[in-house]
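# Pasted the sequence and its predicted model underneath.
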Amino acid sequence: MKIIIHRGAQEIGGTCIQLSTATTTILLDLGLPLSAESKNLDVASFRPDAVLISHPHQDHFGLIDALDASVPVYIGELGKHLIDATRMLLGNKLHVNDFRYFKSWQHFSVGDFTITPYLADHSAADAYGFLIEAEGKRVFYSGDFRAHGRKSVLFDNIIKNPPRNIDLLFMEGTMLERSNDQFPTEKAVEQRIYETIKDQRNISFLISSSQNIDRIVSAYRSCKRAHKTLVIDIYTAWVLEQFKLVSDSVPNMEWEPVKIYASYSQNEKLKKHPDFFGDFRKHLYGYRIHKDEIQAKPENYLFLGKMSHFIIIDLYKTAKLVNVIYSQWLGYLSYSNNEYYGAEAIAAYRNDPQVNFVYAHTSGHATVTDLQTFAGALKPKMLVPVHTEYGDKYRDLFCNVKIVADNQILDL
């Protein structure tokens, strides 16, 4: 088996790893890079027989548009629905790729390769690692994962019953030089949100990804405890509708205390695509809340939104402080508005006298200790760093480490 890391050996995001036998080639992820300095990939030259997408974050799937549309793209069904929701509500056309769905722990074949997906605990829903077998070799790709989310049982299970005889482990290392000590678990984040909103005198805004379901659960639980109403936008409501298809334990717009704030632009997207959204638009009207209701008693609400909602935040800046609870990686706030719309405005709130800026976030990635537990359980003959800026530090932390540079051919 020949292996090439096209991108990901020395950076976080933009991951793309190629595995080839004499007759079959597959790609593990095909993501957009997070760094402006990242090299471009000539996707058309790869000519894979299939692409495996570990989870619906742009830095893992964002370049599939560049594929020949006939190349099969394997992904979890829920993950595909979440990608579609983002595209549709941004006014973009849906992907035309040949999507094929896999299920947790059910193996499938692509030419010479047999692949088994392992559902993982991550800040994205429907996230997977992959066991890949071919030519008598067994490769495990960790994808992005953690052990401290609300789905930590998935990490516990793989530690108790790991895949055996792993020849090569590709393991992410996002957190090698980052600390998760301030908020070590999702429950710690929930407690900070609750403490912030329980005695508020004005509205609170929680800035987070609508696809971070653990964080939505934390916001919902905090509102229940503090007797506040959680306000979500149409996009978040649609994401939660997709989760109703697979889980009855995730909040949605029918749960108390949840309301939907329907912006004009998002409402227009629903009207333009009735075939895609079905009766969702009609259904959500029973759970809408209007701006004048929020403005009448803003202290009753926690508004969960994106960085681009800074425009709404400004409406509530008065003598009574607005709580802005920032619940994402702080590094995003160093990006310009051209890269993350609203990032500069959110960053400015840290020094705004009308804003109580609160940080409450736990990482979507495994800590060093949990990475060591993971590698210790799988016992790979070879461990190759990916999705990390500090691959050179792996040798100090793990056994059997081999550093493989981008574009270097590795014969397994």
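Perfect, thanks for sending it.
# what about residue 6, helix or strand, and which?
Element membership for residue 6, per DSSP states H and E: strand 2-7.
# Point to the residue nearest the middle of this protein.
Centroid check for the chain by CA atoms, centre = their mean gives residue 124 as the closest residue, at 3.1 Å.
# and residue 303, how many neighbours?
Neighbourhood size, residue 303 [other CB atoms under 10 Å]: 26. Yep, even glycine has a C-beta here, placed from its N, CA and C like the rest.
# before we move on, back to that, Provide the strand pairings for the strand holding residue 6, with the direction of each partner.
The pairing partners recorded for strand 2-7 under DSSP bridges are strand 16-20 (antiparallel), strand 409-411 (antiparallel).
# Could you list the residues in contact with it?
With contact meaning CB atoms under 8 Å, 6 or more residues apart in numbering, strand 2-7 is reached by 14-21, 27, 31, 33, 38-39, 41, 46, 139, 168, 384, 386, 404-412.
# and if we set it to 6 Å?
Under the contact criterion CB atoms under 6 Å, 6 or more residues apart in numbering, strand 2-7 has outside partners 14, 16-20, 41, 404, 406, 409-412.
# and if you look at stretch 117-129?
Everything outside stretch 117-129 that qualifies as a contact, by CB under 6 Å, 6+ apart, is 54-57, 76, 78-79, 102, 104, 130, 141-146, 149, 151-152, 154-155, 211-213, 364.
# what does stretch 152-170 give?
Taking CB under 6 Å, 6+ apart as the rule, stretch 152-170 contacts 119-121, 131, 137-141, 147, 377-378, 380-384, 386, 412.
# And that stretch, what's buried?
Across stretch 152-170, burial judged by 16 or more other CB atoms under 10 Å covers 154, 155, 158, 163, 166, 168, 169, 170.
# farthest-separated two in those residues?
154 and 168 (21.9 Å; CB to CB).
# that older thread, the contacts of stretch 152-170 in strands, which ones?
If you go by DSSP state E, the contacts of stretch 152-170 have 119, 120, 131, 137, 138, 139, 140, 141, 383, 384, 386 in strands.
# Out of the residues you listed, which two are the most distant from each other?
For those, and using CB to CB, no pair is farther apart than 119 and 137, which are 23.2 Å apart.
# the strands in the stretch 1-150 of the chain, which residues?
Along the stretch 1-150 of the chain, counting by DSSP state E, counting those that start in this stretch, strands occupy 2-7, 16-20, 25-28, 50-52, 72-76, 98-102, 108-110, 113-120, 127-134, 137-141.
# Just give the closest residue to the most far-flung residue of the chain relative to its centre, not the sequence neighbours.
Relative to the centre of the chain, and counting by CA atoms, centre = their mean, the farthest-placed residue is residue 319 at 36.1 Å. Spatially, and ignoring its direct neighbours in sequence, residue 319 is nearest to residue 354 (7.9 Å; CB to CB, 6 or more residues apart in numbering).
# What separation do you get for that neighbour and residue 320?
9 Å (CB to CB, to the nearest Å).
# just so I know, which of the strands of the stretch 1-150 of the chain lies nearest residue 308?
Nearest of the strands of the stretch 1-150 of the chain (CB to CB): strand 127-134, 24.5 Å.
# Counting neighbours, which bits of the helix or strand bottoming out on mean pLDDT in the chain end up buried?
The weakest-scoring helix or strand in the chain, judged by mean pLDDT, DSSP states H and E, is helix 264-272 (a mean of 88). The neighbour-count check on helix 264-272 (16+ other CB under 10 Å) flags 266, 269, 270 as buried.
# same for that helix, what does it pack against?
Using 3 or more CB pairs under 6 Å, 6 or more residues apart in numbering; DSSP states H and E as the contact test, no helix or strand touches helix 264-272.
# how about it as CSV, C-alpha atoms only?
Coordinates of each C-alpha in helix 264-272 appear next as CSV, following Å, rounded to 0.1, in the frame of the first residue of the first chain:
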residue,chain,number,x,y,z
TYR,A,264,-36.0,38.1,6.5
SER,A,265,-33.1,36.7,4.5
GLN,A,266,-33.4,33.2,5.9
ASN,A,267,-37.2,33.2,5.5
GLU,A,268,-36.7,34.1,1.8
LYS,A,269,-34.4,31.1,1.4
LEU,A,270,-37.2,28.8,2.7
LYS,A,271,-39.7,30.3,0.3
LYS,A,272,-37.5,29.9,-2.7
